[in-house]
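# missing the sequence, but the structure's below:
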């Protein structure tokens, strides 16, 4: 049986409060119950790194890991840095299927939700 | 009558393709028709700056401008840099109401949409 992990990959920031929405997102995914493991990972300034998060999920028994870039735009971090990190994870764990999703900002449902939020802001005390 | 503008404020990046989801978001908001003006603005690496975008909306007739930070987390950029930029805009345009919304990543509807996207990734060819 496949035990599936999901890693939410964000940029990271100096202010620890920056990670709060990522933690809330992880809690939602844990409550939804679709993944055996849900972890955060960061490109810089915060820990764990992607390789540490992926290794921990595999140590916990995951046989498939899906990395979701929690970025709006696909710039150098998603187009250049992330593929290198994913390749290194695959090389370190050849028996595990490591997938990488498109950045969340490319998803129509996510853009629709942001648009709805913006419209709500316009209508507040309009 | 109040003519309301909305400015989508993002970080900016070196790769011009990074801005694509922001442009798609702006297009959705223009199609929705709630705002007289919809503009993008960036903290760094891309133009226009926030003050230039706000000034252009006011020159086009907006009497109220709402700035929406299109950021997931609220770190130094949203907590420290943005309030200073907003204060400068207010000082430059004292007759105009300039509002600043909470970052989109704090919105439950946006987090729900991202969670749904993540679950869809798990279920692809599961």
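Nice, thanks for sending it over. All of these numbers come straight from a predicted model, not from anything done at the bench.
# List the contacts of the longest helix along chain A.
Under DSSP state H, the helix in chain A containing the largest number of residues is helix A:108-123. With C-beta atoms under 8 Å, 6 or more residues apart in numbering or on different chains as the test, helix A:108-123 has contacts from A:104-105, B:4, B:6, B:8, B:21, B:24-25, B:28-29, B:32, B:34-35, B:66, B:68, B:70, B:99, B:101, B:104, B:107, B:109-110, B:112-114, B:116-117. Just so you know, the C-beta spots here come from the backbone N, C-alpha and C atoms, and that holds for glycine as well.
# Repeat that for stretch A:68-75.
By C-beta under 8 Å, 6+ apart, the residues outside stretch A:68-75 that reach it are A:6-11, A:22, A:25, A:77-78, A:82, A:100-106, B:10, B:13-15, B:17-22, B:70, B:72, B:114, B:117-118, B:121.
# Check stretch A:6-17 too.
By C-beta under 8 Å, 6+ apart, the list of residues contacting stretch A:6-17 from outside reads A:18-19, A:22, A:25-26, A:29, A:34-35, A:37-46, A:50, A:53-54, A:57, A:65-71, A:77, A:82, B:72-76, B:79, B:118, B:121-122.
# repeat for stretch A:53-66
Outside of stretch A:53-66, the residues within contact range by C-beta under 8 Å, 6+ apart are A:2-7, A:36-37, A:39-41, A:48, A:67, A:89, A:92-93, A:95-101, B:121-122.
# Now, the residues you listed that are in helices?
Judged by DSSP H, the subset of the contacts of stretch A:53-66 located in helices is A:89, A:92, B:121-122.
# Could I have the buried ones of these as PyMOL selection syntax?
Here is the PyMOL selection string for the buried members of these, based on 16 or more other C-beta atoms under 10 Å in any protein chain shown:
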select buried, (chain A and resi 89) or (chain B and resi 121+122)
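# will you turn the ones in helices among the contacts of stretch A:53-66 into CSV that also has distance to residue B:61?
Output for the ones in helices among the contacts of stretch A:53-66, formatted as CSV (distance: C-beta to C-beta, whole Å):
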residue, distance to residue B:61
A:89, 52
A:92, 58
B:121, 44
B:122, 48
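# where does chain A have low pLDDT?
Across chain A, the stretches falling below the confidence threshold (pLDDT under 70) are A:1, A:125-126.
# Run through the strands of it in chain order.
Counting by DSSP state E, the segments of chain A that form strands are A:4-10, A:37-42, A:64-69, A:97-100.
# highest average neighbour count across these?
strand A:4-10 (a mean of 25; mean count of other C-beta atoms under 10 Å in any protein chain shown).
# Please identify the pairing partners of it and their relative orientation?
With DSSP bridges as the test, strand A:4-10 is paired with strand A:37-42 (parallel), strand A:64-69 (parallel).
# Can you check what angle separates it from helix B:108-123?
Counting by axes from the mean of the first three to the mean of the last three C-alpha atoms, to 10 degrees, strand A:4-10 lies at 140 degrees to helix B:108-123.
# and strand A:4-10, how far out from the chain's middle?
Taking C-alpha atoms, centre = their mean, to the nearest Å, one finds strand A:4-10 lying 5 Å from the centre of the chain it belongs to.
# ok, now stretch A:79-87?
Between the centre of stretch A:79-87 and the centre of its chain there are 14 Å (C-alpha atoms, centre = their mean).
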